[in-house]
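Chemist: Here is my input, please return the structure:
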Amino acid sequence: MPPEVSASLVGSVDALDHDVIKELIARNKGNQTVTIVLEGLLTASNFREQLEGLGFRGLKLDVRLGMFPSVKLGLLPAPIPAIPAGV
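Modeler: Alright, predicted model coming up:
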């Protein structure tokens with residue numbers, strides 16, 4: 001069985017900044033996995049106002065790297081508060 005790495009990232013719709021995400025995509029052109037993740041976030045940022053209007057305040061990004069990589073972007077009814085530094 002080939003190795004596999006999974007990660008889940010949770011954040012707020014408010015944190016999506018279209019321009020910053022576009023810049024990060026440009027900086028990471030050679031990294032296909034990072035680009036796919038950022039493109040998912042870019043799509044969500046394009047619909048930020050609509051998502052907030054529908055009551056979605058949080059995002060959950062599930063990334064799996066392995067033989068068959070996958071990226072899933074989910075919507076949450078409320079953002080997960082940030083964990084303070086040093087905790």
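Chemist: and Gly11, that one's in a strand?
Modeler: Yes - assessed with DSSP: H, G, I helix; E, B strand; the rest coil, Gly11 lies in a strand.
Chemist: Give me the nearest residue to it, chain neighbours excluded.
Modeler: Leu59 (5.5 Å; Cβ to Cβ, 6 or more residues apart in numbering). For glycine as for every other residue, the C-beta is placed from the backbone atoms N, C-alpha and C.
Chemist: Restricting to C-alpha, output the one helix or strand in the chain whose mean pLDDT sits lowest in PDB.
Modeler: Scoring the helices and strands of the chain by mean pLDDT, DSSP states H and E places helix 48-53 at the bottom, with a mean of 84. Extracted as PDB, the C-alpha positions of helix 48-53 are listed here (Å, rounded to 0.1, in the frame of the first residue of the first chain):
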ATOM      1  CA  ARG A  48     -17.800  35.200  -0.500                       C
ATOM      2  CA  GLU A  49     -20.700  37.500  -0.200                       C
ATOM      3  CA  GLN A  50     -23.200  34.900  -1.400                       C
ATOM      4  CA  LEU A  51     -21.800  32.300   1.000                       C
ATOM      5  CA  GLU A  52     -22.100  34.800   3.900                       C
ATOM      6  CA  GLY A  53     -25.600  35.700   2.800                       C
END
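Chemist: what's in contact with the next helix or strand along the chain from it?
Modeler: Per DSSP states H and E, the first helix or strand lying C-terminal to helix 48-53 is strand 58-65. Here strand 58-65 makes contact (Cβ atoms under 8 Å, 6 or more residues apart in numbering) with 4-13, 16, 33, 37, 40-41, 44, 69-80.
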